[in-house]
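Visitor: Build me a model:
(chains A and B)
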Number of protein chains: 2
Amino acid sequence: MKVAIMGYGTIGSGVAKVLDTNKDIITERLGESLDLKYILDLRDFPDDPHKDCFVKDYKNIVKDKEVKLVVETMGGVEPAFTFVKAMLESGKSVTTSNKALVADKGAELMKIAKDNGTNFVFEAAVGGGIPIIRTLTACLTGDVIEEIAAICNGTTNYMLSNMEQFGSDYDQILSEAQSLGYAEKDPTADVEGHDSCRKIAILTSIIAGKNVDYKEIPTEGISKISATDFKYAKSMGYSIKLVARAVKKGDTYSCRVAPYLVKPDQMLYHVSGVMNAVAVVGNMLGESLYYGAGAGALPTASAVVGDLVFLARNTDKHVRIGWANEHLQLADSNEQRFKYFVRTSALQSNIENEFGKVHYTDLDLDDETAFITEEMTEAEFNERKAALGGVISVIRFF
Amino acid sequence: MKVAIMGYGTIGSGVAKVLDTNKDIITERLGESLDLKYILDLRDFPDDPHKDCFVKDYKNIVKDKEVKLVVETMGGVEPAFTFVKAMLESGKSVTTSNKALVADKGAELMKIAKDNGTNFVFEAAVGGGIPIIRTLTACLTGDVIEEIAAICNGTTNYMLSNMEQFGSDYDQILSEAQSLGYAEKDPTADVEGHDSCRKIAILTSIIAGKNVDYKEIPTEGISKISATDFKYAKSMGYSIKLVARAVKKGDTYSCRVAPYLVKPDQMLYHVSGVMNAVAVVGNMLGESLYYGAGAGALPTASAVVGDLVFLARNTDKHVRIGWANEHLQLADSNEQRFKYFVRTSALQSNIENEFGKVHYTDLDLDDETAFITEEMTEAEFNERKAALGGVISVIRFF
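Guide: Numbering: from 1, shown residues only, chains lettered A, B, ... in the order given. Here you go, the predicted structure:
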C-alpha cells in the first residue's frame, strides 16, 4: 500500500525512519507492506535515502490513485488544512500529528472524511507516542468518560520536575530547557498552557462527541510558579504539575488548564521530566492511566505509523468515532470547586475575616503568610481573594 | 446489532449491565445499538431484567443468523472452546474474558476466525479493564516490542501492598484477602503466579506473532515472601512486586514470572492494591505504561463491551493481528541476567568465597546475613547458591 508524507521535518522524517526500520514487522501485522511513494516538501534533500520520492506540489499526490494513505506532519492550520481536505476529497485517508489543525478543524475534517468514505485520524496530535486517541475511540467505547486529567506537555513537565528536584527558579530552568532544546526560543505556547489547552480541547471533543472551542477553556501556565511555591509544596508532601482537565457535569464537561498541587497517592505525581500521562475515569472502568513519551521524533512517528496501520485496515470504509461538528457548551468554570493554597502579605486576622477557618502552612518566611482554604467555587474564591488583597500566589489542589 | 452472552456469572452479568447503563453513548459511537438477544446459562434467573433472553442450549444461538456478536464469559477451556468454535464457524465474531481459553487455544481460535472471515478478540482476558490487547494489536503496530513487564494479578498485588504497608506476614494477609473476597478459597492460581504466567504467555504471543506455551515460562509466586523480606526491601528503598516479564532476545523473547525488587523511579513501584499495570517498551516509542483495574466485574465487562464495539465495526472482515499458530521457542531462561538479593545463614567468609565482592544489607537479625550480588546469569547464580548453602530467600532486582 502506497503512502505519502507531507512535511519532512522532525516528525515526517521520523515516520520514514519507522517505516524503514520496522518494515518487516509492519508487513507481518498488516499482511501487506506500507511503501513510501511521495514526500511533499519545498526544501531539497539531495542526500536522503528517499530522494526519489520528493515532490513540491501536493496535487501530484492528490491525482495519484495508487496512494491511499497520507501523513500530514507540516504543522500549522494552513496550508495543512487545504492539503488534507484535498486528500480526503480524493478518497485518501489521512493521519496527522498537527494539534493546531485538529483543534481548529478536527470536526470539519472528520465530516469531510465521512462524506468521502475515508478516515481522518490524529493519534500523534495528543500525547506524542501515548496511544490515548485510539484508547478513547476504539477501546473505552463502552464507557461514559467521567474525567480526563492529562500531563500533556513535555516542556513544562520537564521544567517543573527540575524546579522541584534542584530548587531552581523558573527563569533559570527555562534557560536550561532552552539550551537543551526542551523549550523553544519563544516558549509561550508551552509555558502559558496553550499547547495543553488545545490537547484537552481535542480529548474533550472526542469524549463528548461534540466540538470544544479551546478558546473557551480557562488556561494558566507555569510562568508564575516559583522556587518558593515548590518549597511550600514539598513541606506539604505535594508536587506541582501542569494538568489539563475535563470533568463531566451533566450533559457537558467542565475544563481547565492550570498548575495543580498533586499528592503521591495520585499516579500523576510520579510522571516526571519529559514523560506525559493521561488519566481517564470511565463510569464502568473506573480509574486508568496511559503513560509515555509525550514528544520526540520517534515516539510521535510511532503513533503516526500506528495510525497508518489502522487506516490501511480500513481503506474500504469510514470508521465512525462520533465527533460531531456541533459546538459543545462547556460547563461554567466559575462553578468548579477546589481547595486553594494561597500565599499573601495580608494579616492573619484579615485572612480569617475573608476565608473563615483555614489551615496555615507557614515556612516562616518574612512578609508572607500561607494557608489552605476549605473547598469552594472559583467564583467564591475570587471574590474573597479580591477582598483580601496582597495575594502573592494561588495554586489549586487537584 | 444482536448480541449473545454465554455464561451469566459476575462478568457476563456485568456485560449486560454495561450494555444497559451506557446504551445511548454506545449507540452514538457505533451508529447502531447493541441489543442483547440471548443469554446462555444452565441456571435460572427468573427475576433478571433480561429473563426473556435465557437459553440453555448454545445451538439456539449458533443457528440464529441475526446474532453477529457473541460474548464468552463462562471460564475454563471446555465447553467454552467447543461453543466459541461453533460460533466462529457459523460466521459470528466472539469476544472472551477467559484467559485459560486464550492461553490454551488462542492461536487456534484466531485461525478459525480467519478461515471464517470473522474475529476472535479477548481484551478482558489480560489486565481486566486495561486496554492492553488493543494497544498492542491496534496502536503500537509500528513498533518492535522490546519488553513487557506486567503487574497483572490483583490478588497478589493487593497482598504485597498490604504486607508492605502493615508489616504483616503472608499467611495473615492471605486470610484477610480471602475474607474480603480478594483471594479465592484455593488461592494457588493467583499466589503461585499461574494466572500471571498465562497472561504474559498471551501478551508474548501477540508481540512475537507466534504461540507461547505458558508451561515453558519459569514461574514463582509470592507464597515465600515474608514480612522480613519487606523489612529488607524497605531498608534498601525498594518494594516487592510480582512481575510477569518478557524481554526480546534476538528473534524470540525471554520470559519469567517472579517477585522482583522494584525502585521508586520505576512506574511499577507505584502500582498498589488491586490495581494492575503493563509497562511496554517499543523500539521507536520507548517506555510506556498502561494502568487500571486488573479485575472486577464492571472494569472487565467494560473491556468486553469495548471489544463488542470493535467487532461490530468489523463484521465484514477478519482483522489480521499476526498471531500465527506456530510454536515460539523461548530464549533460555538460565541465560537471563540479574542482580540478586540473598538472605542466608552461611558465614560471611563462605559468601565471599562463592560470590566474591557483594554488598551487605544487614538488618542485624540473628542467624542470618543478607547481601546483594553483582549481575550474573541464572545458571551461574544457581550454581553458586547451591555451593553456598543455607539460603533463606532470594529475590531478583528488576
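
Visitor: got the contact list for the regular element (helix or strand) spanning A:M159?
Guide: A:M159 belongs to helix A:154-166 when elements are defined using DSSP states H and E. Residues outside helix A:154-166 that contact it (CB atoms under 8 Å, 6 or more residues apart in numbering or on different chains) are A:128, A:151, A:168-170, A:173-174, A:176-177, A:182-184, A:187, A:190-191, A:193, A:195-196, A:221-222, A:225, A:227, A:230, A:233-234, A:239-242, A:259, A:271-276, A:293-296. All C-beta atoms are positioned from the backbone trio N, CA, C, and that covers glycine.

Visitor: So for the helix or strand that that helix is followed by, mean pLDDT?
Guide: Next helix or strand after helix A:154-166 toward the C-terminus (DSSP H and E): helix A:170-179. Average pLDDT, helix A:170-179: 95.

Visitor: Same check on stretch A:103-114?
Guide: Here the average pLDDT along stretch A:103-114 is 95.

Visitor: same thing with stretch A:273-290?
Guide: Rounded mean pLDDT across stretch A:273-290 is 97.

Visitor: Next, the buried residues of it.
Guide: Residues of stretch A:273-290 classed as buried by neighbour count (16 or more other CB atoms under 10 Å in any protein chain shown): A:274-290.

Visitor: now swap in stretch A:384-398 and tell me
Guide: So for stretch A:384-398, counting by 16+ other CB under 10 Å, buried means A:384-385, A:388, A:392-398.

Visitor: Put the alpha carbons of the helix holding A:M159 into CSV.
Guide: Extracted in CSV, the C-alpha atoms of helix A:154-166 (Å, rounded to 0.1, in the frame of the first residue of the first chain):
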residue,chain,number,x,y,z
GLY,A,154,6.8,17.7,27.9
THR,A,155,8.5,21.1,28.1
THR,A,156,6.6,22.3,31.2
ASN,A,157,6.7,18.9,32.9
TYR,A,158,10.5,18.8,32.4
MET,A,159,10.8,22.3,33.8
LEU,A,160,8.5,21.7,36.9
SER,A,161,10.4,18.4,37.6
ASN,A,162,13.7,20.2,37.6
MET,A,163,12.4,23.1,39.7
GLU,A,164,11.3,20.5,42.2
GLN,A,165,14.5,18.5,42.1
PHE,A,166,17.0,21.3,42.2
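
Visitor: Next, the angle helix A:170-179 makes with it.
Guide: 130 degrees (axes from the mean of the first three to the mean of the last three CA atoms, to 10 degrees).

Visitor: tell me the mean pLDDT over helix A:154-166?
Guide: 96.

Visitor: one step back: list only buried entries from the contacts of helix A:154-166.
Guide: A:128, A:151, A:168, A:170, A:173-174, A:176-177, A:182-183, A:187, A:190-191, A:193, A:195-196, A:221-222, A:225, A:230, A:233, A:239-242, A:259, A:271-272, A:274-276, A:293-296.

Visitor: Please dump the buried residues of stretch A:384-398 into a markdown table; it should also carry secondary structure for every row.
Guide: Formatted as a markdown table, the buried residues of stretch A:384-398 follow (DSSP: H, G, I helix; E, B strand; the rest coil):
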| residue | secondary structure |
| --- | --- |
| A:R384 | helix |
| A:K385 | helix |
| A:L388 | helix |
| A:I392 | strand |
| A:S393 | strand |
| A:V394 | strand |
| A:I395 | strand |
| A:R396 | strand |
| A:F397 | strand |
| A:F398 | coil |
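
Visitor: Which two among these are spaced furthest apart?
Guide: A:L388 and A:F398 (23.1 Å; CB to CB).

Visitor: How about the helix holding A:M159, which residues are buried there?
Guide: For helix A:154-166, using 16+ other CB under 10 Å, the buried residues are A:154-164.

Visitor: Disregarding residues adjacent in the polypeptide, which is nearest to the residue of the stretch 1-150 of chain A found nearest chain B?
Guide: Using CB to the nearest CB, A:G142 is the residue of the stretch 1-150 of chain A that sits closest to chain B, at 2.9 Å. Leaving aside its sequence neighbours, A:G142 sits nearest to B:V305 (CB to CB, 6 or more residues apart in numbering or on different chains; 2.9 Å).

Visitor: In terms of helices and strands, where is A:V77?
Guide: With DSSP H and E as the test, A:V77 turns up in no helix or strand.

Visitor: where's it relative to B:G154, distance?
Guide: Here the criterion is CB to CB, to the nearest Å. By it, A:V77 lies 46 Å from B:G154.

Visitor: Same question for A:G167.
Guide: Counting by CB to CB, the gap from A:G167 to B:G154 is 39 Å.

Visitor: Same question for A:E378.
Guide: 38 Å.

Visitor: How about the contacts made by A:L88?
Guide: Here A:L88 is in contact with A:94, A:109, A:112-113, A:116, A:118, A:120 (criterion: CB under 8 Å, 6+ apart).

Visitor: Just put those in TSV and tack on neighbour count.
Guide: Listed next are those as TSV, based on neighbours: other CB atoms under 10 Å in any protein chain shown:
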residue	neighbour count
A:V94	27
A:L109	25
A:I112	20
A:A113	23
A:N116	18
A:T118	25
A:F120	30
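
Visitor: Inside helices: which ones of the residues you listed?
Guide: Counting by DSSP state H, the part of these found in helices is A:109, A:112-113.

Visitor: what about the helices in chain A?
Guide: A:10-21, A:23-30, A:59-62, A:80-89, A:99-115, A:132-134, A:154-166, A:170-179, A:188-191, A:194-208, A:227-236, A:297-313, A:348-355, A:378-388.

Visitor: quick check: mean pLDDT across the fourth one?
Guide: Per-residue pLDDT values across helix A:80-89 average out to 98.

Visitor: and the residue of the stretch 1-150 of chain A closest to chain B, how many neighbours does it have?
Guide: 29 (other CB atoms under 10 Å in any protein chain shown).

Visitor: related to what we said a few turns ago, want to throw the contacts of A:L88 into JSON lines with distance to B:F371?
Guide: Written out in JSON lines, the entries for these read as follows (distance: CB to CB, whole Å):
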{"residue": "A:V94", "distance to B:F371": "58"}
{"residue": "A:L109", "distance to B:F371": "61"}
{"residue": "A:I112", "distance to B:F371": "66"}
{"residue": "A:A113", "distance to B:F371": "62"}
{"residue": "A:N116", "distance to B:F371": "67"}
{"residue": "A:T118", "distance to B:F371": "63"}
{"residue": "A:F120", "distance to B:F371": "59"}
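
Visitor: just checking, A:F381 touches A:Q336?
Guide: No - A:F381 is beyond contact range of A:Q336, at 9.7 Å (criterion: CB atoms under 8 Å).

Visitor: circling back: any chance of the helices of chain A in JSON lines, plus distance to B:R134?
Guide: Below are the helices of chain A laid out as JSON lines (distance: least, CB to CB, whole Å):
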{"stretch": "helix A:10-21", "distance to B:R134": "20"}
{"stretch": "helix A:23-30", "distance to B:R134": "13"}
{"stretch": "helix A:59-62", "distance to B:R134": "31"}
{"stretch": "helix A:80-89", "distance to B:R134": "25"}
{"stretch": "helix A:99-115", "distance to B:R134": "21"}
{"stretch": "helix A:132-134", "distance to B:R134": "7"}
{"stretch": "helix A:154-166", "distance to B:R134": "25"}
{"stretch": "helix A:170-179", "distance to B:R134": "35"}
{"stretch": "helix A:188-191", "distance to B:R134": "31"}
{"stretch": "helix A:194-208", "distance to B:R134": "16"}
{"stretch": "helix A:227-236", "distance to B:R134": "37"}
{"stretch": "helix A:297-313", "distance to B:R134": "11"}
{"stretch": "helix A:348-355", "distance to B:R134": "48"}
{"stretch": "helix A:378-388", "distance to B:R134": "38"}
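
Visitor: So which of those helices is the most surrounded?
Guide: Ranked by mean neighbour count, the helices of chain A are led by helix A:297-313 with a mean of 27 (mean count of other CB atoms under 10 Å in any protein chain shown).
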